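1. heads up, no residue letters with this:
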């Protein structure tokens, strides 16, 4: 089974891709072999700190191979590097992002930010 994940704030494929991987309410897990979609709550959504690491580990624990995201924090990026193929998503629905991925129209790699750390 080849599993793709996208961060989202609503449980439907018409919802827009979330702006922030670690703070999204849900992850949409798409089985690329049969098209089955499952939404799971992001355990990092309400974390007071370490949300990027927690979200990244959740993706690894769910054996995600491909991630489509607008951007993610440096810690999550470092954790997922080498284990998950990352693609930069567009400001559109999950369905549209999935279609663009399948057509080879998304850029491999993703935008990172230093994270939202409190000091």
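-> Arrived safely, thanks for sending. These numbers come from a predicted model, not from an experiment. Numbering: from 1, shown residues only.
2. I'd like the next helix or strand past the helix or strand harbouring residue 30.
-> For residue 30, the host element (DSSP states H and E) is strand 26-31. Downstream of strand 26-31, the next assigned helix or strand under DSSP H and E is strand 37-41.
3. any chance you could list what contacts the following helix or strand past that next one?
-> Later in the chain than strand 37-41, the nearest helix or strand by DSSP H and E is helix 51-61. Helix 51-61 is contacted from outside by 5, 7, 21-24, 27, 42-45, 47, 67, 72-77, 79-80, 83-84, 115, using CB atoms under 8 Å, 6 or more residues apart in numbering. The way it works is simple: take the backbone N, C-alpha and C, and place the C-beta from them, glycine included.
4. what subset of those residues is buried?
-> 5, 7, 21-24, 27, 42, 44-45, 67, 72-73, 75-77, 79-80, 84, 115 (16 or more other CB atoms under 10 Å).
5. wait, a strand at residue 79?
-> No. Inclusion of residue 79 in a strand is not indicated when DSSP: H, G, I helix; E, B strand; the rest coil is applied; the result is helix.
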